[in-house]
Each structure stands twice: as C-alpha cells, then as structure tokens.
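Student: make a model of this:
(one chain, ligands or ions: 1)
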Amino acid sequence: MSFDFIKTQLQQCKDDGLYRQSKITQNKQGRYINIAGKRYLNFSSNDYLGLASDPAMISAWQVGAEKYGVGSGGSYLVTGYNQAHDELCEQLKSWLGVEAVALFSSGYSANQAVIKLLLDKNALLLQDKLNHASLMEAGSLSDCKMLRFKHNDINHLSTLLQKQQNTDSLIISEGVFSMDGDSAPINALVKQSQAHNSWLMIDDAHGLGVLGKNGQGSVVECGLSNRAPQIYMATFGKALGVGGAFVAGEQAFIDYINNFSKPYIYTTGLPPAMAHTITCAAKMAETDQWRRDKLFELIALFKQLAAQKGIVLGKSHTAIQPLIIGDSKKALRLAETLQSLGFWVTAIRPPTVPKNTARLRITLTTSHETQDVIQLISAISTILSEY
Ligand SMILES: *Cc1c(COP(=O)(O)O)cnc(C)c1O
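Tutor: Below you'll find the model as predicted:
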C-alpha cells in the first residue's frame with residue numbers, strides 16, 4: 001500500500017487554498033500573540049474573558065498542583081476522581097443551576113458521548129446545519145438517523161419532526177454558533193422539543209461565561225433555566241480559558257453517563273490541578289461582571305465603527321464577529337495582509353464553514369483595548385477598499 005492518495009489530496013488542498021498548518025505561538029494567550037518572532041494584536045482567540053493567562057489563574061494552577069498533583073492517576077471510576085473534580089462539579093451546579101454534571105476531557109468527546117449514549121438505530125437526531133463538527137461527526141458515526149434542519153429555522157425543524165412520530169428524538173443546537181456568532185432561538189427550540197416529546201441539547205461552548213446573568217450562558221440569556229433543555233453542555237476551553245468540558249442534566253442522566261458512557265469511563269480523569277484551575281475560572285466568570293461589561297463595550301464599538309465604514313458583518317451580538325468574504329483564497333489573502341500589518345486574524349474556510357462562505361472570524365476579548373479595535377477596523381477598511 002502506498003500513501004499516494006494522501007499526497008494527491010494534500011496537493012488538491014493546496015491548489016484550492018484549503019491547506020492547513022499550525023502556527024507556533026511563543027507567548028501566553030492574551031492581547032498579543034507572538035508568532036515566528038513577530039508580535040501581533042490577537043483577534044483569533046476564544047479566550048473571551050481574558051482568563052487563560054490571568055495571574056489568578058496561573059496561581060490557581062500552581063496551588064492546585066501543590067495540593068492535588070498534576071496527574072489524576074486514573075479514570076474517574078477508579079482513582080481519578082479527586083476532591084478538585086468534585087469541587088468543580090459543585091461550583092458548576094451552584095453557578096449554573098443544573099442538577100448534576102459529568103466532566104469530560106474535551107467538548108469533542110462530550111458530544112460523542114451524549115449522542116452515542118442516547119440514540120440507537122431507531123432514533124432520530126435533528127441538528128442545526130451549522131452545528132460544530134464534533135456534533136456532526138458523532139451523528140454520522142451513530143446508527144441513528146440524522147437530519148439537519150436549516151440554520152435557526154424552527155419551521156423546518158417542526159416539519160422534520162412531524163414526519164417522524166413515535167421515535168426517540170434528540171434536537172441539538174449550539175447556543176452561540178462558533179463560526180457566525182449568532183444565537184439559537186432557544187425559547188422556540190424548547191417549545192418544539194416539548195410539543196414533539198423530543199430531547200433538547202444545547203452546546204453552549206461560546207455562550208458560557210459570556211451571555212446571561214453572571215455568565216450563566218445562552219439559555220439563561222433567553223430568560224430560561226439551564227434545566228429547560230434536558231442536556232446542557234459547554235466547554236472549559238473558550239471563555240473559561242482552560243480546556244475540557246462538561247455535560248449537565250438531571251441526576252439519573254448523569255448517573256447513566258457514569259455507568260454506560262465509554263468516552264466517560266475509559267479515559268484518564270482531567271489533571272486535578274487543571275480541575276482546580278477551572279473551578280477558579282468558573283468563580284471568576286461568575287463574579288467578574290466587569291469582564292463581560294468591557295467585552296460588550298468593545299463589541300459595540302467594533303460594530304459601530306464597522307457600520308460607519310460600510311463594513312458588512314454577520315448578524316452577531318457576541319464576541320465572534322464574522323466578515324464573510326466568500327472565496328477561500330481571497331479570505332486567505334486578506335488574512336495575510338492583516339497579518340503583515342500586525343493583526344492576527346484567521347481565515348476560516350470550508351469544510352469548517354459551508355462552501356463559498358470563507359470568512360475572517362474576528363474575536364474580541366476582555367484583553368483588548370479601545371485603540372486595538374479602532375486600529376483593526378481602520379486596517380480592514382483600507383484593505384477592503386484596495387481589493
Ligand atoms: C470548541 C467546541 C467544541 C469542542 O470542544 P473542545 O473542548 O475544544 O474539544 C464543541 N462544540 C463547540 C460548539 C465548540 O465550539
């Protein structure tokens with residue numbers, strides 16, 4: 001067997017402007033990012049609240065390491081469930097008002113776990129077309145039937161549900177869509193799930209910490225409790241600035257995960273020092289309202305300046321502000337030009353986003369300052385007028 005097919009596919013990627021490569025960042029996550037010896041203003045980070053390298057977080061990691069050690073030593077059901085993990089679960093329950101939680105090493109595996117666990121071959125999975133790849137892939141790998149409804153289109157969802165009576169069904173939507181920054185109509189999703197006796201899961205990777213009272217997320221932002229969807233899932237690697245994820249739901253569901261979910265059972269528990277740090281992040285996200293206030297001032301400024309310059313952005317009121325370009329190569333060229341001017345902005349291309357919707361995904365964080373936003377808009381405006 002040769003690897004020729006791999007070489008052909010990689011060459012095709014390069015020809016299509018879709019080839020990807022990691023860049024080595026040389027400093028802590030924050031306002032600036034250092035790459036290949038050059039400093040850029042960082043507009044590509046999911047560290048929305050500026051927690052990833054906050055001194056209090058670094059010290060929490062050190063304290064956690066001293067107290068609990070760096071490795072958990074095993075899976076959660078053997079010896080890997082430390083007091084640090086339990087404190088994290090308790091903090092999440094009290095902050096978010098959920099009944100029970102299960103921790104996962106990543107959002108990717110949490111999503112695989114839920115879909116695998118709930119849906120057999122007779123079941124129906126309904127996903128928003130723009131849901132994250134981890135959800136889509138879990139659906140494709142499952143024996144269940146998966147249908148995708150048009151983005152945020154409740155009528156389409158309802159039509160699909162009406163055609164399928166008497167089967168177990170699960171509706172999944174992101175709370176805030178990761179590449180568009182817009183929000184799901186969660187009230188309507190809850191009503192649909194009730195009307196059709198379906199489960200509802202919200203993946204709130206980009207809403208937790210940012211939206212809702214005390215950063216309780218997208219569901220709370222909509223005036224509901226985090227118990228309104230049967231399953232509320234979010235990650236610790238975005239606004240909480242660390243890594244890992246959790247799934248929340250009623251106690252029986254979490255007990256079921258503990259007993260039957262392979263991605264939960266057969267994996268090493270998160271490092272306890274890390275769990276301790278995430279608890280610190282969750283407390284800061286809950287109480288540091290100033291982080292959200294500053295972030296939303298910067299978002300408002302960004303949108304206002306863009307409008308003044310005639311720059312058309314997506315329909316987002318969150319930290320994720322997409323500038324849709326269309327053509328992948330053009331998006332890549334624009335990103336490279338911005339980089340040459342000292343702004344780190346990433347071009348997001350298919351298959352991460354639908355064909356012909358390549359974009360600059362600009363993210364704002366609490367670490368930015370007013371002048372950063374003014375400079376970025378001015379640079380974008382100049383570049384767009386040249387293309
Ligand atoms: C980032 C992300 C995930 C995956 O989470 P990781 O912890 O990074 O594996 C899942 N869902 C959404 C919507 C995400 O943005």
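Student: the residue of the stretch 101-250 of the chain found nearest the ligand: neighbouring residues, count only.
Tutor: Here the stretch 101-250 of the chain gets closest to the ligand at one residue, Gly107, 2.2 Å apart by C-beta to the nearest ligand atom. For every residue, glycine as well, the C-beta is placed using N, CA and C. By other C-beta atoms under 10 Å, 24 other residues sit near Gly107.
Student: quick check: Leu130 touching Ser183?
Tutor: No. Leu130 is beyond contact range of Ser183, at 11.9 Å (criterion: C-beta atoms under 8 Å).
Student: helices and strands around the lengthiest helix in the chain, which ones?
Tutor: Secondary structure of the chain read by DSSP state H shows that its longest helix is helix 289-308. Where contact means 3 or more C-beta pairs under 8 Å, 6 or more residues apart in numbering; DSSP states H and E, helix 289-308 is packed against strand 320-326, helix 370-386.
Student: go again with 6 Å.
Tutor: helix 370-386 (3 or more C-beta pairs under 6 Å, 6 or more residues apart in numbering; DSSP states H and E).
Student: between the helix it packs on and helix 289-308, how big is the angle?
Tutor: Helix 370-386 and helix 289-308 are oriented at 30 degrees to each other (axes from the mean of the first three to the mean of the last three C-alpha atoms, to 10 degrees).
Student: which residues outside helix 370-386 are in contact with it?
Tutor: With contacts defined as C-beta atoms under 6 Å, 6 or more residues apart in numbering, helix 370-386 is touched by 41, 298, 301-302, 305-306, 309, 337, 341, 343.
Student: from those, list the ones also adjacent to the ligand.
Tutor: Among the contacts of helix 370-386, no residue is within reach of the ligand (C-beta under 6 Å from any ligand atom).
Student: including pLDDT and neighbour count, could those go into a markdown table?
Tutor: Below are the contacts of helix 370-386 laid out as a markdown table (pLDDT from 0 to 100; neighbours: other C-beta atoms under 10 Å):
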| residue | pLDDT | neighbour count |
| --- | --- | --- |
| Leu41 | 98 | 23 |
| Leu298 | 98 | 20 |
| Leu301 | 98 | 16 |
| Phe302 | 98 | 23 |
| Leu305 | 98 | 17 |
| Ala306 | 97 | 20 |
| Lys309 | 96 | 14 |
| Thr337 | 97 | 17 |
| Leu341 | 97 | 17 |
| Phe343 | 98 | 22 |
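Student: just the closest of these to Leu10, please.
Tutor: Checking the contacts of helix 370-386 against Leu10 by C-beta to C-beta gives Thr337 as the nearest, at 25.3 Å.
Student: if I look at that closest one, how far off is Ser22?
Tutor: Thr337 sits 21 Å away from Ser22, going by C-beta to C-beta, to the nearest Å.
Student: hang on, the earlier thing: how about the longest helix of the chain: buried residues?
Tutor: Neighbour-count burial for helix 289-308, counted by 16 or more other C-beta atoms under 10 Å, picks out 291-292, 294-296, 298-299, 301-303, 305-306.
Student: ok, now stretch 377-387?
Tutor: Within stretch 377-387, the residues scored as buried using 16+ other C-beta under 10 Å are 377, 379-381, 383.
Student: for stretch 104-119, same thing?
Tutor: Of the residues in stretch 104-119, 104-119 count as buried by neighbour count, 16+ other C-beta under 10 Å.
Student: so Glu221 sits against Lys213, correct?
Tutor: No. Proximity of Glu221 to Lys213 does not meet the contact threshold set by C-beta atoms under 6 Å, at 8.1 Å.
Student: am I right that Ser193 is in a helix?
Tutor: Yes. The assignment for Ser193 (DSSP: H, G, I helix; E, B strand; the rest coil) places it in a helix.
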